[in-house]
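Visitor: Sharing a model prediction with you, sequence too.
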Protein chains: 2
Amino acid sequence: MAVVVMKFGGTSVANVDRIRNVARHVKREVDAGNQVAVVVSAMSGTTNQLVAWVREASLLHDAREYDAVVASGEQVTAGLLAIVLQAIGIPARSWQGWQIPILTNQAHGAARIAGIDGARLRARMGEGEVAVVTGFQGIEPERQRIATLGRGGSDTSAVAIAIAVGADVCDIYTDVDGVYTTDPRIVPKARRLPRVSYEEMLEMASLGSKVLQTRSVELAMVNRMRTRVLSSFADPGAIPPVRSGSNWPDIGTIVCDEDEIVENQVVSGIAYAKDEAKVTIRRVADKPGVAARIFGPLADASINVDMIVQNLSADGGHTDMTFTVQAAELPRALEVLRKAKESVGYFDVESSDDVVKISVIGVGMRSHAGVAASMFKALAEKNINILAITTSEIKVSVLIDSAYTELAVRTLHSVYGLDRE
Amino acid sequence: MAVVVMKFGGTSVANVDRIRNVARHVKREVDAGNQVAVVVSAMSGTTNQLVAWVREASLLHDAREYDAVVASGEQVTAGLLAIVLQAIGIPARSWQGWQIPILTNQAHGAARIAGIDGARLRARMGEGEVAVVTGFQGIEPERQRIATLGRGGSDTSAVAIAIAVGADVCDIYTDVDGVYTTDPRIVPKARRLPRVSYEEMLEMASLGSKVLQTRSVELAMVNRMRTRVLSSFADPGAIPPVRSGSNWPDIGTIVCDEDEIVENQVVSGIAYAKDEAKVTIRRVADKPGVAARIFGPLADASINVDMIVQNLSADGGHTDMTFTVQAAELPRALEVLRKAKESVGYFDVESSDDVVKISVIGVGMRSHAGVAASMFKALAEKNINILAITTSEIKVSVLIDSAYTELAVRTLHSVYGLDRE
């Protein structure tokens, strides 16, 4: 017997027929004697519709009300899946975030899970009842209001539930059959990675791979929760049920400890993130404290700033500051900067979202030099201009004009020997 | 200053533009210094979609899961209205049933409100914050699961909230501008009733008038909560704001005590209910206890039986039993009867939903004889066959073939002198 958490995203539950298919995956695990919790997203399209209504209601809206509206999507899926499971003879009940409860902090719209009491879930799962849990949401305990985890937060819900119930594995079912060296839509020669380390997956997630949400990988890494990426569109019978402590079959991608991966390549994958926006602040005073006055208010507004480039002072007293934010947060960032104009003291703000961040990722970089150099060389040979650079121990990222996305990704995929033969 | 509860149904909140119009009605009351709670339904169409999904998932579904799915609709509207109100400068927050809490019994799908703690709502309303409350739902306290009140339950939510916060009036905004002597789509000469008694409204509601839900009128009657029916599509400026203890302007329909109505007619209105279904049980044993064995299981399944006709015993030992249920409950009723076949002992069950119940209502009947007789005579003159009859102190109802609905309603409307000149 194993304890399994299974997570199904929006396209996997897009309609009742697909929810029936999800039920077949669940049945496979139940039939194998496993205890199962299922975490579900909203039916695809639903969240977009809800968000569109909120925006139509007001562009500047109360995040608590946004959450109350948007959280309804998962509520629907969870109820429907519980009904479908019951209809095929599997005891099941839906659990909303506030019923478990899944406690969060107060950062509505992008809340972090603060704690989950898994006791009731575990007890019910132990009695053979499948727990169908709404992903993406919890409850902020002080004001008892629904808080959502932000887009893709259902992955995080799944990993957190897996940790809370002491699962053997957290299986994330998506519309792809694993993690690839890069986006196969751009590079047809991309290869599925049978295993990938938490660290690499974390970089891939935060650098644009849509397969897993960053926070979910962080959580899995910190808690050493084995996480698999599987295809929900696969024949439910083609995936072997989870066996506790078994050898893991070569299916999907297992996100695990670096130590469990036998063959490491220097570079494991190429990621790209199109949802970046570049902001340039013209002529800010080039003196101590200015950066704090710019980035402090942005941080207070929970806007993540990524790459930062400070130009050389042109006239000795002033400089230009360029940085990137998530494209979705650009209007809010510009609003924050407008309000901070007096305290910062700048001439003008320019912005653009015609940029893309391309990243090369691999734990092997720790022991191999020259990865960055070969990246810059390869891009230069294709006449691609680099607007900004950031690096970490296991990745190198560059910001380029978005028109060159496909060319850059294909070039780098080939340069680092990732093309499938 | 008055305390006002305003309820807006599905068509009044069908899209964000209409929600903005609702906000203008709310603003009128807030600007007049009133404390306001707003009870909202799901955006029209939403509940139907949710119910369709549940049915697609399984025709025999767990009522608790049905509730979890269907309750999401009001959650969306409440959040959107709070956002729209905030956007026009009115402090507002959404309240879901479990947050107040609105406690219900365990009859999921058709739950009754067991109690509402109005203290927190009152306190926040006293601070000038508009409370936007999800209609149609509450929480069943023992298992802490969402329970819905059944179709149209938002009216009941509104009246119950009005009672809990001690409102001066419960204003129900709908897509019609008041209660009419009958359905104006069938009888263009139907008249708006400026006032109608709780008792009459109760009969009209339970006999097919869709304007107010039966349970809401019961609740208003028992608690003497003055309830008005108004049009949400009226120009928000054309409705005078509520004034505590003022004379009530002649707008919409006021549902109030009989004593407050100066001119009573013998018959106030003609109602029709198409959502009836007729069930005939053939050849049941004609002996004591059989009725209990038929209607006991139906009651246990929370299926309301309305008209009952027991035929004369044909062969001394057996009889036919005919009764009506809500058409929506017909499949469940037939299932219950199938299971009870052995204990009841009958030959066969037949059913039909091609029937309509036509009712004539008026508190004046108490003191005027002959209302039923003139009804039967008028129908006979049009060759309309009566399948069953029920009467109460203030109404007479007949079951007829649904093909004659319009003819019967028009005929009776004219016979009782209700046509507008």
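Guide: Received it, and whenever you're ready, just let me know what you need. Numbering: from 1, shown residues only, chains lettered A, B, ... in the order given.

Visitor: Tell me who's in contact with the one residue sitting closest to the centre of chain A.
Guide: With distances taken as CA atoms, centre = their mean, A:Gln213 lies nearest the centre of chain A, 1.6 Å away. Neighbouring residues of A:Gln213 by CB atoms under 8 Å, 6 or more residues apart in numbering or on different chains: A:151-156, A:205. Backbone N, C-alpha and C define where each C-beta goes, glycine included.

Visitor: ranges for the helices of the stretch 151-300 of chain A?
Guide: A:153-164, A:198-206, A:214-223, A:290-300 (DSSP state H, counting those that start in this stretch).

Visitor: elements contacting the second one?
Guide: Using 3 or more CB pairs under 8 Å, 6 or more residues apart in numbering or on different chains; DSSP states H and E, the elements in contact with helix A:198-206 are helix A:214-223, strand A:253-256, strand A:269-285, strand A:348-361.

Visitor: and A:Ser244, backbone torsions?
Guide: phi -60, psi 130 (degrees, to the nearest 10).

Visitor: didn't it look like it was pressed against A:Val4?
Guide: No - if you go by CB atoms under 8 Å, A:Ser244 and A:Val4 don't touch, sitting 9.6 Å apart.

Visitor: per-residue confidence at the residue in the stretch 151-300 of chain A positioned nearest to chain B?
Guide: Minimum separation of the stretch 151-300 of chain A from chain B (CB to the nearest CB) falls at A:Ser154, amounting to 16.1 Å. On pLDDT, A:Ser154 comes in at 94.

Visitor: Can you tell me the closest non-neighbouring residue to it?
Guide: Once flanking residues are discounted, A:Ser154 sits nearest to A:Gly135: 2.8 Å by CB to CB, 6 or more residues apart in numbering or on different chains.

Visitor: same deal with A:Val305?
Guide: Per CB to CB, 6+ apart, closest to A:Val305 is A:Phe323, 5.0 Å.

Visitor: Read off the pLDDT value for the one you found.
Guide: Looking at A:Phe323, its pLDDT stands at 92.

Visitor: Give me the angle between the host helix or strand of it and strand A:269-285.
Guide: Element membership for A:Phe323, per DSSP states H and E: strand A:318-326. Per axes from the mean of the first three to the mean of the last three CA atoms, to 10 degrees, the angle that strand A:318-326 makes with strand A:269-285 is 140 degrees.

Visitor: which is the next helix or strand following strand A:318-326?
Guide: Downstream of strand A:318-326 (by DSSP H and E), the next one is helix A:330-339.

Visitor: Pull the residues that contact that following helix.
Guide: Residues outside helix A:330-339 that contact it (CB under 8 Å, 6+ apart): A:59, A:277, A:279, A:281, A:294, A:297-298, A:301, A:303, A:325, A:344, A:349, A:351, A:353.

Visitor: and that helix, what's its mean pLDDT?
Guide: 94.

Visitor: for it, the distance to its chain's centre please.
Guide: The chain centroid and the centroid of helix A:330-339 are separated by 24 Å under CA atoms, centre = their mean, to the nearest Å.

Visitor: Weed out the non-buried ones from the contacts of A:Gln213.
Guide: A:152-156, A:205 (16 or more other CB atoms under 10 Å in any protein chain shown).

Visitor: Identify the farthest-apart pair in the residues you listed.
Guide: A:Ser154 and A:Ala205 (13.7 Å; CB to CB).

Visitor: Need the helices and strands packed on helix A:198-206 in a markdown table (columns: distance to chain B and mean pLDDT).
Guide: Below are the helices and strands packed on helix A:198-206 laid out as a markdown table (distance: least, CB to the nearest CB, whole Å; pLDDT from 0 to 100):
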| stretch | distance to chain B | mean pLDDT |
| --- | --- | --- |
| helix A:214-223 | 24 | 93 |
| strand A:253-256 | 31 | 96 |
| strand A:269-285 | 24 | 91 |
| strand A:348-361 | 25 | 94 |
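
Visitor: can you tell which of these is closest to A:Ala131?
Guide: Using CB to CB, the nearest of the helices and strands packed on helix A:198-206 to A:Ala131 is helix A:214-223, at 18.3 Å.

Visitor: Output that closest one as PDB, restricted to C-alpha atoms.
Guide: Backbone C-alpha positions of helix A:214-223 (Å, rounded to 0.1, in the frame of the first residue of the first chain) are rendered in PDB as follows:
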ATOM      1  CA  THR A 214       8.100  27.300  -8.900                       C
ATOM      2  CA  ARG A 215       6.800  27.300  -5.400                       C
ATOM      3  CA  SER A 216       5.700  23.600  -5.700                       C
ATOM      4  CA  VAL A 217       9.200  22.600  -6.600                       C
ATOM      5  CA  GLU A 218      10.700  24.600  -3.800                       C
ATOM      6  CA  LEU A 219       8.300  22.900  -1.400                       C
ATOM      7  CA  ALA A 220       9.100  19.500  -2.800                       C
ATOM      8  CA  MET A 221      12.800  20.100  -2.600                       C
ATOM      9  CA  VAL A 222      12.800  21.400   1.000                       C
ATOM     10  CA  ASN A 223      10.600  18.400   2.100                       C
END
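
Visitor: what does that helix rub up against?
Guide: Under CB under 8 Å, 6+ apart, the answer for helix A:214-223 is A:112-113, A:149, A:152-153, A:155-156, A:158-160, A:163, A:170, A:172, A:198-199, A:201-202, A:205-206, A:225-227, A:255.

Visitor: pretty sure A:Phe376 contacts A:Ile386?
Guide: Yes - taking CB under 8 Å as the definition, A:Phe376 is a contact partner of A:Ile386 at 6.9 Å.

Visitor: Spit out the residues that contact those two alike.
Guide: With CB under 8 Å, 6+ apart, A:Phe376 and A:Ile386 have common neighbours A:Val398.

Visitor: okay, now the residue lying closest to A:Ser44 once chain neighbours are set aside: neighbour count?
Guide: Distances taken as CB to CB, 6+ apart place A:Gly10 nearest to A:Ser44, at 3.6 Å, with adjacent residues excluded. A:Gly10 has 25 neighbouring residues, counting by other CB atoms under 10 Å in any protein chain shown.

Visitor: now A:Ala92
Guide: The number of residues packed near A:Ala92 is 26, by other CB under 10 Å.

Visitor: Pull the contacting residues for A:Ala32.
Guide: A:Ala32 touches A:2, A:241-243, counting by CB under 8 Å, 6+ apart.

Visitor: What's the PyMOL syntax to select whichever of these are buried?
Guide: Filtering these down to the buried ones (16+ other CB under 10 Å) takes a single PyMOL command:
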select buried, chain A and resi 2+241+242
